[in-house]
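Q: Sequence below, structure please.
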Amino acid sequence: MIVNKEDLYSLVFSIFQKITFDEYAKILAEELVNANLAGHEDHGVQLVPYYVKLAKGEKVNLGGTIIPPINPKARIDIQRNDFLIKIDGKMTFGQVILRKASEEKVENFKIFLGRNVSHIGRLSSFTENFAKKGFITLLVARTPPLISLEGMKGRILGNNPISISFPGDPPITIDMALSKTSFGKVVSSLYRGEKIEEGMILNAEGKGTSKPEDLINGGSLLPIGGYKGFNLALAIEILTSLFSEDVDINPFFGIVIREDLIGNEKKIEKIKERIPTTPFYHFPGSRKVEKENIDLPDSLWDQLIKINDSIS
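A: This next block holds a predicted model:
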């Protein structure tokens, strides 16, 4: 069904307003609806039912990861010095933590460290917010283990995402996780009774498989670029672990630097002009359009209404 973005925002805000601060509810509604508008449905309003359960003290399985309960009314602690901004999210909503981080004042350069962070969703929300202010921004986050290399038993490293944004209209943003395929796509194949393309997943013994059920039963995703992607995940694991706690779901590490300190936008435009658009490739950010409506499954809309009606 087609839903107006304002109607969807109002419904999501109403749900979270009943379980957290109005300020947090506003941020959550904006971030989740904006994810749908940007075409990132997996980070959009389909997460609302899971987040409500987390706020009620339940654990949920999200993308193959068990997410512990969150504190919906925790106040975020932020410590600042000349070079660092350290953020302790107190295990509240990840989107709220990241929004608060993106609202921090940066004059020239800052490193961001985040710990006690629950499920974040889109890293590009943070990087694009700073890019719109004229900053080149990099953000990486750790996830619970989900990827491995052939011969390694079990899940070794997180499918650790990375987002980089450059100033522009719109900002140039590269935002990706490090696996060849996603956990959700494998689950979809399982439901359809289909096999997975070879070279995408491993079973629990570290052997290649095309059976989607092998991933569910303790298997792992293979990283992009083989050992190169694995080592990139390792680097992110180290960067995000130095300041974080073992219970963290998405601790993060970010760098924000004012663009005119190292160059100017004209150089970026020259590079952009060199990159051709093909049926298989569109320049990052070039396909984003302003939309007023969102196509939602009827069942999801009905579920959101039921959740809203059930919370007193």
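Q: Can you give me the end-to-end span of stretch 241-250?
A: End-to-end distance for stretch 241-250, by C-alpha to C-alpha, to the nearest Å: 10 Å.
Q: oh sorry, the question was meant for stretch 195-204
A: In stretch 195-204, first residue to last residue: 17 Å (C-alpha to C-alpha).
Q: what's it in contact with?
A: 148, 150, 152-154, 180-181, 186, 189, 208-212, 214-215, 217-222 (C-beta atoms under 8 Å, 6 or more residues apart in numbering). For glycine as for every other residue, the C-beta is placed from the backbone atoms N, C-alpha and C.
Q: I'd like to know which of those residues are part of helices.
A: Taking DSSP state H, the ones among these that sit in helices are 186, 189, 212, 214, 215.
Q: Farthest pair within those residues?
A: 189 and 214 (11.4 Å; C-beta to C-beta).
Q: JSON lines for the ones in helices among the contacts of stretch 195-204, including neighbour count, pLDDT and distance to residue 196?
A: Shown next, in JSON lines, are these (neighbours: other C-beta atoms under 10 Å; pLDDT from 0 to 100; distance: C-beta to C-beta, whole Å):
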{"residue": "186", "neighbour count": "23", "pLDDT": "90", "distance to residue 196": "6"}
{"residue": "189", "neighbour count": "21", "pLDDT": "88", "distance to residue 196": "6"}
{"residue": "212", "neighbour count": "24", "pLDDT": "94", "distance to residue 196": "5"}
{"residue": "214", "neighbour count": "21", "pLDDT": "95", "distance to residue 196": "9"}
{"residue": "215", "neighbour count": "26", "pLDDT": "94", "distance to residue 196": "8"}
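Q: And the pLDDT for residue 247?
A: Looking at residue 247, its pLDDT is 66.
Q: for the stretch 51-200 of the chain, what spans make up the helices?
A: Ranges of helices in the stretch 51-200 of the chain, per DSSP state H, counting those that start in this stretch, are 94-102, 124-131, 183-192.
Q: Now do the helices in the stretch 201-312 of the chain.
A: Using DSSP H, counting those that start in this stretch, helices in the stretch 201-312 of the chain cover 212-216, 227-241, 265-274, 298-310.
Q: Pull the third one out as CSV, backbone CA atoms only.
A: Listed next in CSV are the C-alpha coordinates belonging to helix 265-274 (Å, rounded to 0.1, in the frame of the first residue of the first chain):
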residue,chain,number,x,y,z
GLU,A,265,34.6,20.7,-3.8
LYS,A,266,35.7,21.5,-7.4
LYS,A,267,38.3,18.7,-7.2
ILE,A,268,35.5,16.3,-6.1
GLU,A,269,33.4,17.4,-9.1
LYS,A,270,36.3,16.8,-11.5
ILE,A,271,36.6,13.2,-10.2
LYS,A,272,32.8,12.8,-10.5
GLU,A,273,32.9,13.9,-14.1
ARG,A,274,35.4,11.1,-14.9
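Q: any low-confidence regions in the stretch 201-312 of the chain?
A: Within the stretch 201-312 of the chain, the ranges that satisfy pLDDT under 70 run 247, 286-290.
Q: Which of the helices of the stretch 201-312 of the chain sits closest to residue 175?
A: The closest of these to residue 175 is helix 227-241. By C-beta to C-beta, the value is 13.7 Å.
Q: residues making contact with that closest one?
A: In this structure, residues lying in contact with helix 227-241 by C-beta under 8 Å, 6+ apart are 140-142, 147-149, 157-160, 162, 178, 223, 225, 251-253.
Q: are any of those residues buried, and which?
A: Neighbour-count burial (16 or more other C-beta atoms under 10 Å) is assigned, among the contacts of helix 227-241, to 140-142, 147-149, 157-160, 162, 178, 223, 251-253.
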